[in-house]
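Engineer: please work out how this folds:
(2 chains, ligands or ions: 2)
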Amino acid sequence: MTQRRLMVHGIGLGILMFLPLLAAAAGEPFLTNIASRVLVYALAAVSLDLIMGYGGMVSFGHGAFFGLGAYVVGILAHHSFNGTVIGFLPGEWQGTASALVQWPLAILVTGLFAVIIGALSLRTTGVYFIMITLAFAQMLYFFMTSLPTYGGDDGLNLWERSQVPAVDMYDDNQFYYVTLALLLAFLYLAHRVVNSQFGMVLKGCKQNETRLQALGVPTYRYKLVAFAISGAGAGLAGALAANHTEFVGPGLMHWTRSGEIMIMVILGGMGTLYGSVLGAFTLLMMEEVLSSYTEHWMLILGPFLVIVVLYARGGIYGWLVGDEMDEEPAERADGRTGGGADDG
Amino acid sequence: MQMGVQAGEPMMVDTILDVTGLTKSFGAIRASDDLTFSVARGEIHALIGPNGAGKSTAIGQLCGEIEPDQGRIIFNDCDISRWPTYRRARSGLQRSYQITSLFPDFSAADNIALAVQAGRPHSFRFWQPARHDKALRTPANEALDRVGLGHKADTKVTALSHGEQRQLELAMVMATDPVMLLLDEPMAGMGQVESQLMMEILHPLKGDVSILLVEHDMDVVFALADRISVLDKGRVLLTGSPDEVRNDPDVRRAYLGDS
Ligand SMILES: Nc1ncnc2c1ncn2[C@@H]1O[C@H](COP(=O)(O)OP(=O)(O)OP(=O)(O)O)[C@@H](O)[C@H]1O
Ligand SMILES: [Mg+2]
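Structural biologist: Ligands and ions are numbered 1, 2, ... in the order given. Below you'll find the model as predicted:
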């Protein structure tokens, strides 16, 4: 790791760790609540970067998994609050407010949906892949819109946040640290994955999938597993989003949401993981600040995005650290650590 | 499983690749027209022919990237005609491309290490850093040394010269421990010196690895090949030893600049 990158990571981590204290010191404690929102979206963006930035799978349907994760929490909380059984499941399943059930279930369900959607979508590539993932997400969106049991168009209010042992999720600071812990855990997991043998295959798929197949790698199943991990990550983000806004609606699955998550990844720098956190921060802050001046804040965002894409190939992260990829230098046979191809 | 020995051919010949009636049309163009030939185990079999004769299309069908309209491919006593590309590669049938095909964002060593990985049972290993894995890096560096690229291990592919990239691609397919190589003009675009180096790399493989070598440079073909098949308009005109091909009047007229 270069010194500059180490410094950027150190400062970033420092800010994240002490943000609630800084916000309190600045006399603006509500900033912590906004920061939690950034972290939730950062988690969704990091999960998208895993397939888009590393695997070259430009999924335009990530909002589907984000929304689905939120609905898992919303539906379980709804039945728990009303004391009703979950009607669409066989048997007499009750809802629950426990995060220890809700969140793993959100991960599981979205992971499963990602396997199904991925299995069909990954038979296509390029523009077709973009369109088919978008189509699946819109299908889910319209499905939830027309499901009156769970609020349909109006969505569901979350009357009770997830119960985390020994944590008060209604406390802004504690909510923030729970979200931060999950984001850092997912970042660490993603970091290990992209540098593993699996990660090398994933990066190979992006660079030259035909070549990889000709070498003997059945690329489809590797992409599918990556797609599932990515979907599960977005599902967890959705579970947190439901808690943050205390509301679940089909809007979470709308294509504009998928687009936002994608913009975060591109802004922050594709294939950098940490960049997605910066991208989420930048986009949500621009939205927050600009939308208070003008309704047409997208008109300012658009050109800004073009500038970033044109002039900062590694996005904001690449611009900050001076190089692009989240990669470790290779080790030579003699044990000495080499320069690595990407330290430029 | 069917043996790849044709009637009339002597039974002693151990055939590694047996192609029968391969046919492929692109619209009105017959790129392969009832293409039939076989390669003996351990030989270097050259495939020559003018531009557009269908050499690359033949290789594409052998490796599974192009689906033939008709025909049968027996490799190593298995009918691989319906196998997907990756499965053919895993059974030891490896190819190189006429236009260099590598992983451009990776270093030279990364490219080879990924090939080594491709030869392993699977890559569903999610946790340990691949670049620190000696079981991948050691064979990768050895393969680089073999083609004389050891000092470029950490150089990014895009920073390598054209010739070095061709060498890297050869090192990459070699790293998978292949049974047979399909080489599509490995010397294309190379200078004299690089070409010579490439020949020195290929020559020792003779006997160990079977090679189907597509090549335009006749000096290279005559120096390396045990047998040569001449292709024209998707058909095999003739197969024979270098001497037979050299002395064939049709071939002399068409390809060796004789009048
Ligand atoms: N994908 C394709 N679509 C249409 N026509 C094609 C396609 N691929 C090859 N062809 C045609 O098939 C014929 C054989 O092409 P091929 O590339 O196999 O020739 P080749 O012997 O490799 O020639 P060269 O020496 O120039 O590499 C040519 O006429 C070519 O134009
Ligand atoms: Mg060709």
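
Engineer: can you get me a residue count around the residue of the stretch 151-300 of chain A found nearest ligand 1?
Structural biologist: Across the stretch 151-300 of chain A, no residue is closer to ligand 1 than residue A:210, which sits at 13.4 Å (CB to the nearest ligand atom). In this view, the C-beta of every residue, glycine as well, is placed from N, C-alpha and C. By other CB atoms under 10 Å in any protein chain shown, the residues close to residue A:210 number 12.

Engineer: gap between it and residue B:99?
Structural biologist: From residue A:210 across to residue B:99, the span is 11 Å (CB to CB, to the nearest Å).

Engineer: sorry, back to before: by contact count, what packs against the strand or helix carrying the residue of the stretch 151-300 of chain A closest to ligand 1?
Structural biologist: Under the criterion of DSSP states H and E, residue A:210 resides in helix A:197-215. Helix A:197-215 sits against helix A:172-195, helix A:219-245, helix B:85-90, strand B:93-96, helix B:108-119, with contacts defined as 3 or more CB pairs under 8 Å, 6 or more residues apart in numbering or on different chains; DSSP states H and E.

Engineer: give me the pLDDT for the residue of the stretch 151-300 of chain A closest to ligand 1.
Structural biologist: According to the prediction, residue A:210 has pLDDT 97.

Engineer: the closest residue to ligand 2 within the stretch 151-259 of chain B: neighbour count?
Structural biologist: Ligand 2 sits closest to residue B:184 of the stretch 151-259 of chain B, with a gap of 6.0 Å, by CB to the ion. Counted by other CB under 10 Å, the residues lying close to residue B:184 total 22.

Engineer: show me where chain A has strands.
Structural biologist: Residue ranges of the strands in chain A, as given by DSSP state E, are A:156-157, A:247-248.

Engineer: most centrally placed residue in the chain?
Structural biologist: By default, I'm working from chain A. By CA atoms, centre = their mean, chain A has its centre lying nearest to residue A:44, at 1.2 Å.

Engineer: should've been chain B
Structural biologist: residue B:182 (1.5 Å).

Engineer: what bridges to that residue?
Structural biologist: Note on residue B:182: beta-bridge partners residue B:95, residue B:212, judged by DSSP bridges.

Engineer: now do it against residue B:62, distance only.
Structural biologist: For residue B:182, the distance to residue B:62 - CB to CB - is 6 Å.

Engineer: need the overlap of contacts for those two.
Structural biologist: B:93, B:95, B:212 (CB atoms under 8 Å, 6 or more residues apart in numbering or on different chains).

Engineer: looking at those, spot the one nearest residue A:318.
Structural biologist: Checking those against residue A:318 by CB to CB gives residue B:95 as the nearest, at 35.0 Å.

Engineer: give me the below-cutoff pLDDT ranges for the stretch 1-150 of chain B.
Structural biologist: For the stretch 1-150 of chain B, the stretches flagged by pLDDT under 70 are B:1-12.

Engineer: if we use 90, what do you get?
Structural biologist: B:1-13 (pLDDT under 90).

Engineer: the stretch 51-200 of chain A now?
Structural biologist: In the stretch 51-200 of chain A (pLDDT under 90), the answer is A:85-94.

Engineer: is ligand 1 within reach of stretch B:24-34?
Structural biologist: Yes. Residues of stretch B:24-34 contacting ligand 1 under CB under 6 Å from any ligand atom: B:26, B:29, B:31.

Engineer: could the residues you listed go into JSON lines alongside neighbour count and distance to residue A:116?
Structural biologist: Output for the residues of stretch B:24-34 next to ligand 1, formatted as JSON lines (neighbours: other CB atoms under 10 Å in any protein chain shown; distance: CB to CB, whole Å):
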{"residue": "B:26", "neighbour count": "11", "distance to residue A:116": "36"}
{"residue": "B:29", "neighbour count": "13", "distance to residue A:116": "41"}
{"residue": "B:31", "neighbour count": "24", "distance to residue A:116": "39"}
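
Engineer: hang on, the earlier thing: which of the shared contacts of residue B:182 and residue B:62 has the most neighbours?
Structural biologist: Ranked by neighbour count (other CB under 10 Å), those have residue B:93 at the top, with 28 neighbours.

Engineer: coming back round to it: which one of the helices and strands packed on helix A:197-215 is the most hemmed in?
Structural biologist: Of all these, helix B:108-119 has the most neighbours on average by mean count of other CB atoms under 10 Å in any protein chain shown, namely a mean of 28.

Engineer: can I get it in CSV, CA atoms only?
Structural biologist: Presented in CSV, the C-alpha positions along helix B:108-119 are these (Å, rounded to 0.1, in the frame of the first residue of the first chain):
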residue,chain,number,x,y,z
ALA,B,108,2.7,-10.7,-16.6
ALA,B,109,2.9,-12.9,-13.5
ASP,B,110,-0.8,-12.4,-12.7
ASN,B,111,-1.7,-13.6,-16.2
ILE,B,112,0.2,-16.8,-15.8
ALA,B,113,-1.0,-17.4,-12.2
LEU,B,114,-4.6,-17.1,-13.4
ALA,B,115,-3.8,-19.8,-16.0
VAL,B,116,-2.3,-22.0,-13.4
GLN,B,117,-5.4,-21.4,-11.3
ALA,B,118,-7.6,-22.3,-14.3
GLY,B,119,-5.9,-25.7,-14.4
